[in-house]
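K.L.:
everything below, folded, please.
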Amino acid sequence: MKLLEENTAQKLRGGYYTPTEITDFITDWAFSDKRKRTVLEPSCGDGAFLESFEDQLKFIKNCTAIELIEEEAVKATEKMKMHANIDIINNDFFDEFETKLQHNKFDLILGNPPYIRYQYLTPEQRQSHSNIIVNNGMRSNKLINAWVSFLVASVQLLSEEGKLAMVIPAELLQVGYAEELRLFLVNNLSKLTVITFKELVFPDVQQEVIILLGEKFKSNEENIISLVDLDNLSQLNTDEVNRRIEYKEVDHSKDKWTKYFLNNEQLKVVEEITRDNKFTNFSEFASVNVGITTGNNKYFSVTQDIVKEYGLQEISLPLIGRSAHARGIYFNEKDWIANVNDGLRAQLLLFPDLPHNKLSKGQRDYIELGEVMNENKGYKCRIRRNWYHVPSVYAPDAFFLRRNDTFPKFVLNEVDAVSTDTMHRVRFKEGINHKKVLLSYYNSITLAYTEIEGRSYGGGVLEVLPSEVEKILLPNIQNMNEDKVDRLLLMIDNTIRNKDDIKDVLPQIDKEVLVKYLGIDSKVVESFREIWQSLMTRRRLRK
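P.N.:
Residues are numbered from 1 along each chain as shown. The predicted structure is shown next:
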């Protein structure tokens, strides 16, 4: 996280202005029914959206546009000076909302709200931000970005049969802090269309964005949603394409919206398996926690050369630090020794929580080297009583990789190794057969649920947090024949160790575990294999 003084003025105000292709598309959509509307643009910048209104002015009763930055508001005012029905206000949206706007209703609200982290808001803005969220039935916290309160306030200001169009981060679809927001949107908007892009939209910005199109109907009986994945917006400019967009009934829940990339038939099989008592959540078998937070992995994760040079054998632990360290689905002594011999950072230093003068000379020397290199200045290190003592170190039963390419590795710990925060730590519940849980993860249904529960991280990577791992659905095979379990696990282990494609072995695993043992229809299994591959392929296109 960057400190306030290290961020650009553009980033602090959240101002990344919208490409003309998007503003024109949204404007065309907003006025497609040719009805006269009252309009709100809550963060108009230098007037990118307003310029797109020029061909639609006859359909605008009046437009209120707000911009915090005076210089930008002046630019927008100059562009719109010939249009009496457009009123540009140089003020903070939060202030304008609390003093005037919240008692009004608008037929159309559109724009690109600022993306400002909570810690960069002023105390007054934080309070207004929190009030908007709490007054609409949600909990406020310090993870919630300013765009969320802009969106919530905009929905609140919509008239009956109003329309809303916002350019917002794609994290709406997936992240935990947006759970209540997703539920709020489906409870307050009758029709949602979410447009996602295969390429990044904003130049020089690594933030993946979506276009959220929302509509209210008087009856509000219909609640439908569609996620449309595009190469470019021109694909939606024809009636033929619009007719092919498949809308789905919305779950009134906080669930992630990733699943709405699926078609209705696929959603049906997902719902059926979710209700099937032959499957259960990962949390029924084990608890999942983050790996060790060292505060400085590069310093505390060391090679054998460092251990020997400073005589640190007594305080070094076997470490699985990266995906490449996990050669198969078991991490054993042979694997660890191979990593050590390959010169990898395969050992974690666990210094005693003792004063400097109570440690051995080699330990003191390495600590002093760290201080010379300012390795002790990071936040996590400097708040400790002894900066060099890493807390909460234990060897788990298994590891689950946090960030992944094709699929997350789930690996049994057979050498009492520890892991940094690149791996989650898994502890099985009492009486659970570890190998059977391991096998229950490697099948098409569970890999599909992993894509649904995780989130797309930068560069097409799948990130799965501990709470998300615990929601992944596993087949319950605790009574399966142990010899068969061992045989199938060996097949998976060999595939991964040989760096072969897991897709080649999945059909056989699926057949033995899902079809023969659990009695799942083979067509359902094939559908899940397609779901997994389509979600994975879509995500990886963002590399």
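K.L.:
so residue 286 sits against residue 429, correct?
P.N.:
Yes. Using CB atoms under 8 Å, residue 286 is in contact with residue 429, at 6.2 Å. Quick note: C-beta positions are derived from backbone N, CA and C, even for glycine.
K.L.:
when these two are compared, which one has more neighbours?
P.N.:
Taking other CB atoms under 10 Å, residue 286 and residue 429 do not tie; residue 286 has more neighbours (21 against 12).
K.L.:
check residue 541 and give its pLDDT.
P.N.:
Note for residue 541: predicted pLDDT of 80.
K.L.:
could you find the closest non-adjacent residue to it?
P.N.:
residue 198 (5.4 Å; CB to CB, 6 or more residues apart in numbering).
K.L.:
from residue 272, how far off is that neighbour?
P.N.:
If you measure residue 198 against residue 272 using CB to CB, to the nearest Å, the figure is 30 Å.
K.L.:
could you list the low-pLDDT ranges of the stretch 51-200 of the chain?
P.N.:
The stretch 51-200 of the chain contains residues with pLDDT under 70 at 199-200.
K.L.:
run through the helices of it in chain order.
P.N.:
Taking DSSP state H, counting those that start in this stretch as the criterion, the stretch 51-200 of the chain contains helices spanning 70-79, 93-99, 123-135, 146-157, 179-188.
K.L.:
pull the CA atoms of the helix or strand hosting residue 523 into CSV?
P.N.:
Taking DSSP states H and E as the criterion, residue 523 maps to helix 522-540. This file holds the C-alpha atoms of helix 522-540, laid out as CSV (Å, rounded to 0.1, in the frame of the first residue of the first chain):
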residue,chain,number,x,y,z
SER,A,522,-22.0,-38.2,-16.7
LYS,A,523,-23.7,-35.4,-18.6
VAL,A,524,-23.7,-33.2,-15.5
VAL,A,525,-20.0,-34.0,-14.9
GLU,A,526,-19.2,-33.1,-18.5
SER,A,527,-21.2,-29.8,-18.1
PHE,A,528,-19.1,-28.9,-15.1
ARG,A,529,-15.9,-29.7,-17.0
GLU,A,530,-17.0,-27.2,-19.6
ILE,A,531,-17.9,-24.7,-16.9
TRP,A,532,-14.5,-25.0,-15.4
GLN,A,533,-12.7,-24.6,-18.7
SER,A,534,-14.8,-21.7,-19.9
LEU,A,535,-14.3,-19.7,-16.7
MET,A,536,-10.6,-20.5,-16.5
THR,A,537,-10.1,-19.6,-20.2
ARG,A,538,-12.0,-16.3,-19.8
ARG,A,539,-9.9,-15.4,-16.8
ARG,A,540,-6.6,-16.3,-18.4
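K.L.:
list the buried residues for it?
P.N.:
524-525, 527-529, 531-536, 538-539 (16 or more other CB atoms under 10 Å).
K.L.:
what bridges to the residue most central in space within the chain?
P.N.:
Geometric centre of the chain, nearest residue: residue 455, 3.7 Å, by CA atoms, centre = their mean. For residue 455, the beta-bridge partners are residue 463 (DSSP bridges).
K.L.:
ok, now how distant is it from residue 157?
P.N.:
29 Å.
K.L.:
show me the contacts for residue 467.
P.N.:
By CB atoms under 8 Å, 6 or more residues apart in numbering, the contact set of residue 467 is 176, 288.
K.L.:
now the host helix or strand of it: how far from the chain's centre is it?
P.N.:
For residue 467, the host element (DSSP H and E) is helix 466-469. Taking CA atoms, centre = their mean, to the nearest Å, one finds the center of helix 466-469 at 12 Å from the center of the full chain.
K.L.:
so for that helix, what gets flagged as buried?
P.N.:
Applying 16+ other CB under 10 Å to helix 466-469 flags 466, 468-469 as buried.
K.L.:
got the CA positions of that helix in PDB?
P.N.:
Listed next in PDB are the C-alpha coordinates belonging to helix 466-469 (Å, rounded to 0.1, in the frame of the first residue of the first chain):
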ATOM      1  CA  PRO A 466      -9.200 -18.600   3.000                       C
ATOM      2  CA  SER A 467     -12.900 -17.900   3.400                       C
ATOM      3  CA  GLU A 468     -13.400 -18.600  -0.300                       C
ATOM      4  CA  VAL A 469     -11.500 -21.900  -0.100                       C
END
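K.L.:
what separation is there between residue 396 and residue 173?
P.N.:
30 Å.
K.L.:
on that earlier part again, do I have it right that the residue nearest to residue 541 meets residue 233?
P.N.:
No. In this structure, residue 198 is not within contact of residue 233 by CB under 8 Å, at 11.9 Å.
K.L.:
more neighbours, these two?
P.N.:
Counted by other CB under 10 Å, residue 198 and residue 233 do not tie: residue 233 has more neighbours, with 19 against 11.
K.L.:
show me what contacts the more buried one?
P.N.:
Residue 233 makes contact with 21-22, 25, 195, according to CB under 8 Å, 6+ apart.
K.L.:
and with 7 Å instead?
P.N.:
Neighbouring residues of residue 233 by CB atoms under 7 Å, 6 or more residues apart in numbering: 21-22, 25.
K.L.:
for residue 122, grab the count of nearby residues.
P.N.:
Considering only other CB under 10 Å, residue 122 is surrounded by 11 other residues.
K.L.:
got it, and residue 451?
P.N.:
25.
K.L.:
now do residue 273
P.N.:
Residues lying near residue 273 (other CB under 10 Å) number 21.
K.L.:
quick check: next helix or strand after the host helix or strand of it?
P.N.:
Assignment of secondary structure by DSSP H and E places residue 273 within helix 264-275. Once helix 264-275 ends, the next helix or strand along the chain (criterion: DSSP H and E) is strand 279-281.
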